[in-house]
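A.B. asks: Below is the sequence, then the predicted model.
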Amino acid sequence: MTNPKIYDAVLIGGGVMSATLATLLHELEPDWSIKIIERLDDVAQESSGPWNNAGTGHSALCELNYTPETDGKIDISKALTINEQFQVSRQLWSTLVTRGQLPEPTKFINPVPHMTFVTGEENVEFLRRRWSILKEQPLFSTMQFSDDPTQIFEWAPALMVGRAKDEKVAATFVEQGTDVDFGSLTRLLFQAAIENGAVVRLGTEVVDLRQRPDGVWQVATKAASGAEKGRKNVTHGRFVFVGAGGGALPLLQKSGIPEIKAFGGFPISGEFFRTDNPEVVAKHQAKVYAMPPVGAPPMSVPHLDTRVVDGKASLMFGPYAGFNTRYLKQGSLLDMFKSLRVDNIPTYLGVGVTNLDLVTYLVGQLAASPAKKFESLAEFFPEAKSEDWRLITAGQRVQVMKKNPKGKGYLLVMGTEVVTKADGSIAGLLGASPGASVAPSAMISLLERCFPEQWPTWSEKITDLVPSYGQTLNDKPELAKQVQNDTAKVLGIAPVA
């Protein structure tokens, strides 16, 4: 019997995370063998699909949930971190475009202003205070504020037409915002990876993970579709990345690594209103985020977005959160129950007890009729007509639940979390927003943790891809401006004056 091929890296999941990691690994180690395994019959069908996410290019320019207020103090630390991370994304993509490894940027990224819009005197004052803090930061220096309806009308007329003249309103506006088609970007990155020698297996489900005594991982699979449906196979890899979106938690649990103990996953489904009517789309050209409802999960902040998917502009409003027990959009209602373990049941119970407002919110969302849901769109877009819009089902998001590392209790975590085995041989990514927008930063961090011996050499190569790697831009105003303008020129984004 011949010895099985051992891949240097096996990546589970056909989304933007695996696509980004495959890109980085080839740049760092061109001779490495890489295999990508995807359960569905094409890549970018779950969270990376363009209609399964907002495509905002999350950079905290408009998202209020990244600048929470506690006891009268606005915390901007999360916003600064996310903007720094998105600058890493812009630099990597710019480098790949310049080298010809990605095509014309409009294939995956387009300039779309980012706005925050609020109503009511209390919210207006909050937004004014938020702006006064952020505008002093180099990465937010171009942010404008106005409580003048005439100015807001110039930025986004659809928000103001039909609105009562005496209503208190305010908005911030950043011209340098973007819309990213992560589905297209994922396909382009995988196409380049295949041309560089990577193997991609579609319609193939990972059913188990076991590590041999010599450290090599055995990745057991079965064909999920096609003529060979049900056929079993085993792929061997020295390093495994579990980038399976909501499916990452169950797979990491199957691997048996102790680091995944006590983790849980809280699934949240969602819907958006979408219109492709050119007359309606022409009335609004921005991404506008508002105040979240009480108890709403982080990814349920209402927003009215210009989307550019496959070169065509549309509008999307939502999301309307819901709950089911699937961990993937095309998953099983048994997913959450199968993830229950003796070690994580206290996590589920602890998070449930401390997040009753979230439960109340989700019940209300589930009970809302389409007509009731449309009322919230009309609050944003007063002249919206129901016949122009249709509800679409968004991607499934699984928020991380874990023990509080700083004390007692359990946390429902906003954002993404990397879990790695102590020996660095396997790593997985859990969580949701900002997710895809910060994929390069997340994958660079993962490589640093998993390959400490190679990192001194690799970090030099990373600097070729991301010139500012290892530096924070926000405390270096001139460098921040230079990086933003260099990438803006390549990607077709408005420059920073």
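C.D. replies: Here it is on my side, so go on. Residues are numbered from 1 along each chain as shown.

A.B. asks: name the element Pro103 belongs to?
C.D. replies: Using DSSP states H and E, Pro103 sits within no helix or strand.

A.B. asks: Give me the neighbour count for it.
C.D. replies: Using other Cβ atoms under 10 Å, Pro103 has 14 neighbouring residues. Glycine gets a C-beta too; all of them are placed from N, C-alpha and C.

A.B. asks: tell me the contacts of it?
C.D. replies: By Cβ atoms under 8 Å, 6 or more residues apart in numbering, the contact set of Pro103 is Val97, Leu188.

A.B. asks: What separation is there between it and Ser184?
C.D. replies: Using Cβ to Cβ, to the nearest Å, Pro103 is found at 10 Å from Ser184.

A.B. asks: go on, Lys107?
C.D. replies: From Lys107 over to Ser184 (counting by Cβ to Cβ), the distance is 6 Å.

A.B. asks: These two: who's more crowded?
C.D. replies: Taking other Cβ under 10 Å, Lys107 and Ser184 do not tie; Ser184 has more neighbours (22 against 16).

A.B. asks: pretty sure the more buried one contacts Ser48?
C.D. replies: No - in this structure Ser184 lies outside contact range of Ser48 using Cβ atoms under 8 Å: 9.8 Å.

A.B. asks: Residue ranges in the protein under the pLDDT threshold?
C.D. replies: For the chain, the stretches with pLDDT under 70 are 1-2, 294-300.

A.B. asks: Any idea which residue is closest to the centre of it?
C.D. replies: Nearest to the mean C-alpha position of the chain, by Cα atoms, centre = their mean, lies Gly435 at 2.5 Å.

A.B. asks: tell me the contacts of the nearest residue to that residue once chain neighbours are set aside?
C.D. replies: In space, Gly435 comes closest to Thr416 once its chain neighbours are excluded; the distance is 5.8 Å by Cβ to Cβ, 6 or more residues apart in numbering. When contacts are counted by Cβ under 8 Å, 6+ apart, Thr416 touches Val400, Leu429, Leu430, Gly431, Ala432, Pro434, Gly435, Val438, Ala442.

A.B. asks: Sheet partners, orientation included, of the strand or helix carrying the third one?
C.D. replies: When elements are defined using DSSP H and E, Leu430 is found to belong to strand 426-431. In the sheet, strand 426-431 lines up against strand 240-242 (parallel), strand 416-420 (antiparallel) (DSSP bridges).

A.B. asks: what's the helix or strand following it packed up against?
C.D. replies: Using DSSP H and E, the helix or strand that follows strand 426-431 in sequence is helix 439-450. In terms of contacts (3 or more Cβ pairs under 8 Å, 6 or more residues apart in numbering; DSSP states H and E), helix 439-450 is packed against helix 16-28, helix 77-98, strand 416-420, strand 426-431, helix 455-465.

A.B. asks: Helix 439-450: which residues count as buried?
C.D. replies: Ala439, Pro440, Ser441, Ala442, Met443, Ile444, Leu446, Leu447, Cys450 (16 or more other Cβ atoms under 10 Å).

A.B. asks: Work out the gap between that helix and the centre of the chain.
C.D. replies: 15 Å (Cα atoms, centre = their mean, to the nearest Å).

A.B. asks: Show me where the stretch 151-300 of the chain has its helices.
C.D. replies: 157-160, 182-195, 248-255, 278-281 (DSSP state H, counting those that start in this stretch).

A.B. asks: Output those in CSV, with distance to Gly318 appended to each entry.
C.D. replies: Below are those laid out as CSV (distance: least, Cβ to Cβ, whole Å):
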stretch, distance to Gly318
helix 157-160, 16
helix 182-195, 17
helix 248-255, 24
helix 278-281, 16
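
A.B. asks: what's the neighbour count on the closest residue to Glu271 other than its chain neighbours?
C.D. replies: Once flanking residues are discounted, Glu271 sits nearest to Tyr320: 4.6 Å by Cβ to Cβ, 6+ apart. Using other Cβ under 10 Å, Tyr320 has 22 neighbouring residues.

A.B. asks: What of Gln330?
C.D. replies: 10.

A.B. asks: Can you tell me the SS state at it?
C.D. replies: coil (DSSP: H, G, I helix; E, B strand; the rest coil).

A.B. asks: Next one: it from Ser369, what distance?
C.D. replies: 26 Å.

A.B. asks: So which residues of the stretch 1-150 of the chain form strands?
C.D. replies: For the stretch 1-150 of the chain, applying DSSP state E, counting those that start in this stretch gives strands covering 6-7, 9-12, 34-37, 69-70, 73-74, 109-111, 114-119, 144-146.

A.B. asks: if we compare those strands, which one ends up closest to Ala158?
C.D. replies: strand 114-119 (10.5 Å; Cβ to Cβ).

A.B. asks: Walk me through which strands that closest one pairs with, and which way each runs.
C.D. replies: Applying DSSP bridges, strand 114-119 is found paired with strand 169-174 (antiparallel), strand 287-289 (parallel).

A.B. asks: Deepest-packed of the ones you listed, please.
C.D. replies: strand 287-289 (a mean of 26; mean count of other Cβ atoms under 10 Å).

A.B. asks: which residues touch it?
C.D. replies: 54, 56, 62-64, 112-117, 156, 159, 171, 177, 179, 301-306, 380.

A.B. asks: Repeat the analysis, applying 6 Å as the threshold.
C.D. replies: Residues outside strand 287-289 that contact it (Cβ atoms under 6 Å, 6 or more residues apart in numbering): Thr56, Cys62, Glu63, Val112, His114, Met115, Thr116, Phe117, Val301, His303, Leu304, Asp305.
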